[in-house]
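K.L.:
sequence-free structure coming up:
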């Protein structure tokens, strides 16, 4: 008998079918052991010796594996083809070795990039041994993350109450987000003007152009800074005569993009579909592990955690054959396209790019076997991979220069027309050419033209945009921070710890996030430095390639880090807050008329404002004269300004019934308040009497309506206020079912509801403009049976009783829900990345904890 060990039971079932009766395939259910969450799990004094712990859940499946090992001649470790997969294989081997049951047996390691019959059978024929450098890199990374987390986090808990923890890479990602927020807060917009023109030629054809030269000087962004300057320019231009000075035409080629890597897939799926990094990886994991097609589980894509852009020779041959057959020889390059260059630092190109396992399996062929999100992602991967082996698209790019008689004033018109669509036939790439749709008329050099219209437009410079998931992933990749397989987890952890929040798909650091980032920047400067983090990632890569020993990397890190930790431990909390007052002063305190930071309390006039922190509420600004002076305000000056503006209720206007609508500021943010109709009040009083509930007169008469997060309070006018007060609102009927589609706003923002389907509006401002056609589309794309907005992820059924296992969003953080049992998810775990195997382990741990608790009570 040959025993094959993989991570997941779903994969085990599929592979067992491929290998036949001479093989038994069992699942380890992910990692079989890990570092226990307590001090001493990594011991720097003993060459970073690690104490591994096997949880009770894994024991059950390890017994099944050990029993099978005793009856087997060969043990094949077939976990994933990456560092984590190699680590799981190593852990299994170490465990079996400790049981002394491998004597006289063959132990092999095999890897495969796709779960298809041919790939599995081919991998079995090419066994190898466990690659220890990959294991060493895993050990180094695991030890580093543990040492940082278990040394900095306790300091955070004592110095900044309410803070949760600080991760090695998450803290650097948080720094990126908070630094961008600081740039936005300090940004001062600058005015500038642009000038465009519409000319007509002798054939009465219009030419749209932009001013490119004035007074013999090239026109730049700030050539015209105000209305006076642009008016002088207009006056001169209106007195000038113009003619065609130059006509230029050339063919521009646009090359196809490389097949997807992990990070480019995450970025593109975010831009095209609005998928978060975690969601993209969940869908890709399912496509990799396989879906049921005509009774057989079939892997649809290759392994989805990769930095590589290369394709196998067999895949390229199949791609080229399909291109020629489906689209013609003109779409096929003479030589296969290759993609090796990569801008990101530290690229590990061990695996192929992400591609379909069978390019002949077109998206339309699998549509009925997958859900909508899976179809979208498969279609994206299929078209990107195939288009990578096609010819470039070609455009006729034309330009016309229109010049004054003295040639001191030039206008330039640009246009572009598709000559040959090339790879765009298959893959819809985002448009990068602003002039792509501007078709220029036929003109002759020397031909006179007349000004039809001059358009002067005022602009203000914009602050740098906040990071979206896609742009944050791109930035981390550019800096060499983290690795593609960790990006989704990094982003999720920042959100679940309440260090950042997403508004209109953009990251805003919370006050707590700003405080923690400032704390780390001030007291652990080296360890949140971008270059240091990237350099450490480089060293971990060097371990992987066998260039450096993992113990040496840890020793070098630990020496300075340990000294840094001890020096911070000695600082008093007040001393820490004073340091943060200094470093954050420009951002959190106002300036006086002399442009000097002013910390004088506006309420008592004698106290000094200072940074303070509470366990529950996080960071805030308070007065040194507390408790005599109880002045407080949010950390953010912008939030504080909004709070001051709403210190007194603001009358917005009257509703259709003539009742006043007020804008107020409450404990949970700004809200609208108006007086309800008397009939409604009477009905509510009756209901409350039946339920024996007490209510005040104000409770009965007044209606409060929260303003969705993301809507600027200062911009709320009477029209918007009346609209928000009218919710929930029926937009129309679903043409498929005839049922009402209802628009409403809830705890997590605006959403649509129709029977058992609900869809969130990603752009909060869309609540005021959404129509029935857009609503029908969103409801059609929504998944049925959204049981609760507190469900983060539905993991499937428990193998023992088929009851649902879910990841839930709770008041004190995410947790696993199984029947009446709730199991806490460790902070270092990304709740959206939790697998059913990991959830089952957490459930068993919770059961074990409850049993021990009952035993103690009996004693």
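P.N.:
Received it, and whenever you're ready, just let me know what you need. On a predicted model such as this, the values are computed, not experimentally measured, just so you know. Numbering: from 1, shown residues only.

K.L.:
which element is residue 452 on?
P.N.:
strand 448-460 (DSSP states H and E).

K.L.:
next helix or strand past the longest helix along the chain?
P.N.:
Longest helix in the chain, counting residues (DSSP state H): helix 132-159. Tracing the chain past helix 132-159, the next element assigned as helix or strand by DSSP H and E is helix 170-186.

K.L.:
other SSEs contacting that next one?
P.N.:
helix 469-479, helix 484-496, strand 506-509, helix 511-523, helix 530-544, helix 573-588 (3 or more CB pairs under 8 Å, 6 or more residues apart in numbering; DSSP states H and E). For glycine as for every other residue, the C-beta is placed from the backbone atoms N, C-alpha and C.

K.L.:
could you list the low-confidence segments of the stretch 751-859 of the chain?
P.N.:
783-790, 811-812, 827-830, 832-833, 855-859 (pLDDT under 70).

K.L.:
strands of that one, start to end?
P.N.:
757-760, 791-797, 804-808, 815-818, 821-824 (DSSP state E, counting those that start in this stretch).

K.L.:
roughly how far apart are the closest residue to residue 764 other than its chain neighbours and residue 723?
P.N.:
Nearest residue to residue 764, sequence neighbours excluded (CB to CB, 6 or more residues apart in numbering): residue 710, at 3.6 Å. Between residue 710 and residue 723 the computed distance is 15 Å (CB to CB, to the nearest Å).

K.L.:
cool, and residue 579?
P.N.:
Using CB to CB, which is the criterion applied here, residue 579 is 47 Å from residue 723.

K.L.:
before we move on, what about residue 68?
P.N.:
Taken as CB to CB, the span from residue 68 to residue 723 is 64 Å.

K.L.:
ok, residue 462 - contacts?
P.N.:
Counting by CB atoms under 8 Å, 6 or more residues apart in numbering, residue 462 touches residue 189.

K.L.:
swap in residue 193?
P.N.:
224-227, 229-230, 456-459.

K.L.:
list the contacts of residue 75.
P.N.:
2-3, 5, 69, 96, 102, 105-108.

K.L.:
please, which helix or strand holds the residue nearest to residue 44 when sequence neighbours are not counted?
P.N.:
Spatial nearest neighbour of residue 44, excluding adjacent residues (CB to CB, 6+ apart): residue 558 at 5.1 Å. Using DSSP H and E, residue 558 sits in helix 550-569.

K.L.:
just the buried ones from the contacts of residue 75?
P.N.:
2-3, 5, 69, 96, 107-108 (16 or more other CB atoms under 10 Å).

K.L.:
related to what we said a few turns ago, residue 710 and residue 723: which has the busier surroundings?
P.N.:
residue 710 (18 against 15; other CB atoms under 10 Å).

K.L.:
phi and psi next, for that one.
P.N.:
The phi/psi pair for residue 710 (degrees, to the nearest 10) reads phi 110, psi -20.

K.L.:
separation between it and residue 745?
P.N.:
Taken as CB to CB, the span from residue 710 to residue 745 is 11 Å.

K.L.:
got it, and residue 598?
P.N.:
For residue 598 relative to residue 745 (CB to CB), the value is 38 Å.

K.L.:
spatially nearest residue to residue 464 (excluding sequence neighbours)?
P.N.:
Leaving out its chain neighbours, the residue that sits closest to residue 464 by CB to CB, 6+ apart is residue 183, at 5.4 Å.

K.L.:
that neighbour contacts residue 466, doesn't it?
P.N.:
No. With contact defined as CB atoms under 8 Å, residue 183 does not count as touching residue 466 (9.7 Å).

K.L.:
mind telling me what element residue 415 is part of?
P.N.:
strand 410-420.

K.L.:
circling back to that earlier point, the inter-axis angle of the strand holding residue 452 versus strand 410-420?
P.N.:
Between strand 448-460 and strand 410-420, the angle comes out at 90 degrees (axes from the mean of the first three to the mean of the last three CA atoms, to 10 degrees).

K.L.:
each with direction, which strands does strand 448-460 pair with?
P.N.:
strand 191-200 (antiparallel), strand 242-254 (antiparallel) (DSSP bridges).

K.L.:
make JSON lines out of the ones you listed and add mean pLDDT.
P.N.:
Formatted as JSON lines, these follow (pLDDT from 0 to 100):
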{"stretch": "strand 191-200", "mean pLDDT": "95"}
{"stretch": "strand 242-254", "mean pLDDT": "93"}
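
K.L.:
single out the most deeply packed of those.
P.N.:
strand 191-200 (a mean of 18; mean count of other CB atoms under 10 Å).
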